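1. sharing a model prediction with you, sequence too.
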Amino acid sequence: MAAATKTVALGPEPARADDGPRTVGRRGSIRYDYFKDESELGSIIAMIDKDLSEPYSIYTYRYFIRGWPKLCIIAYDEDQEDKMVGVIVCKADHSRRQRYRGYIAMLAVDTTLRRKRIGSSLVTLAIREMVAIGCDEAVLETEITNKAAMRLYENLGFYRDKRLCKYYLNGVDAFRLKLWLKDVSDCSDVVAARKQQEEAAAVLAASRPSAGAGAQT
Ligand SMILES: CC(C)(COP(=O)(O)OP(=O)(O)OC[C@H]1O[C@@H](n2cnc3c(N)ncnc32)[C@H](O)[C@@H]1OP(=O)(O)O)[C@@H](O)C(=O)NCCC(=O)NCCS
């Protein structure tokens, strides 16, 4: 397994002194805020539902946003009377391998404001938050046909960890993309797994008929 060591590219500017405590960054007229309250939920759902192939129930949204409100970051356009123009919804918990995993569940940007780095800024800010709370890695799944998402994440250093066959209801495969947030040598389970792989490979190589002096001709 190849570990990505590329660091996350510089994201938006930090919040200004006169910004409220919810503001985590800004770029031009776009302000990035943490989730505030339930009044934002309808617009979040509308923005995400129109683009994604998987229908999510309101309980799914609440599970993520109430559980990890600082991992739900919303982009507002101050030039459009604070219209919501993008959102990212994530969580953080322990994976089966006991790594502290940041998980990006949903990401969407208003169709009229795409290719202006709002999506990249949302991901960068969410990753900063994951780093701040000590996550070892960030992961997500995306349809293999979603070129925009694939490029956005790969530009930020994510790599293709797995291909998941027919992962979505529409039958499309997914890529699981991953970004290491810590030096891999800090993750003892990764180091142990690598050692095991190397030992297994050495045993296999030694047991091949051509290996060693005892090989028969
Ligand atoms: C994917 C999405 C969030 C990207 O948001 P965005 O704000 O337009 O993305 P950015 O401006 O930050 O783009 C960053 C890079 O991603 C790539 N990219 C973004 N949109 C692209 C497109 N339509 N085609 C090809 N590459 C694209 C480019 O490399 C781009 O950098 P560049 O503009 O310098 O070439 C947006 O297209 C969207 O909301 N799509 C629908 C929902 C979705 O697919 N979400 C992801 C689910 S995993």
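-> That came through fine. Residues are numbered from 1 along each chain as shown.

2. all contacts plus neighbour counts: C-alpha atoms, from now on.
-> OK.

3. quick one, helices of the chain?
-> Counting by DSSP state H, the segments of the chain that form helices are 41-49, 58-67, 118-132, 147-155, 188-207.

4. just the CA coordinates of stretch 26-33, formatted as CSV?
-> Provided in CSV are the C-alpha atoms of stretch 26-33 (Å, rounded to 0.1, in the frame of the first residue of the first chain):
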residue,chain,number,x,y,z
ARG,A,26,-12.6,33.3,3.8
ARG,A,27,-11.6,33.8,0.2
GLY,A,28,-12.9,36.9,-1.6
SER,A,29,-16.6,37.2,-1.0
ILE,A,30,-16.9,33.6,0.2
ARG,A,31,-17.0,33.1,4.0
TYR,A,32,-16.6,29.6,5.5
ASP,A,33,-18.5,28.9,8.7
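
5. contacts for that stretch?
-> Among residues not part of stretch 26-33, those counted as contacts by C-alpha atoms under 8 Å, 6 or more residues apart in numbering are 12-15, 22-25, 73-79, 122.

6. low-scoring stretches of this structure, by residue?
-> Flagging of the chain using pLDDT under 70 yields the residue ranges 1-10, 184-217.

7. let's see that with 50 instead.
-> 1-8, 211-217 (pLDDT under 50).

8. the ligand contacts on that one?
-> Contact residues (C-alpha under 6 Å from any ligand atom) of the chain with the ligand: 51-52, 106-109, 114-120, 142, 147-149, 151-152.

9. now with 8 Å, please.
-> The chain has residues 48, 51-52, 86, 105-111, 113-121, 140-143, 146-153, 155 near the ligand, with proximity defined as C-alpha under 8 Å from any ligand atom.

10. among those residues, name the buried ones.
-> Those of the residues of the chain next to the ligand that meet the buried threshold are 48, 86, 105-110, 118-121, 140-143, 149-150, 152-153, by 16 or more other C-alpha atoms under 10 Å.

11. just the strands in the protein please.
-> In the chain, the strands defined using DSSP state E lie at 23-27, 30-34, 72-77, 83-94, 100-109, 137-143, 159-164, 174-180.

12. give me the angle between the longest one and strand 137-143.
-> When you say that, I think you mean strand 83-94. On the basis of axes from the mean of the first three to the mean of the last three C-alpha atoms, to 10 degrees, strand 83-94 is oriented at 120 degrees to strand 137-143.
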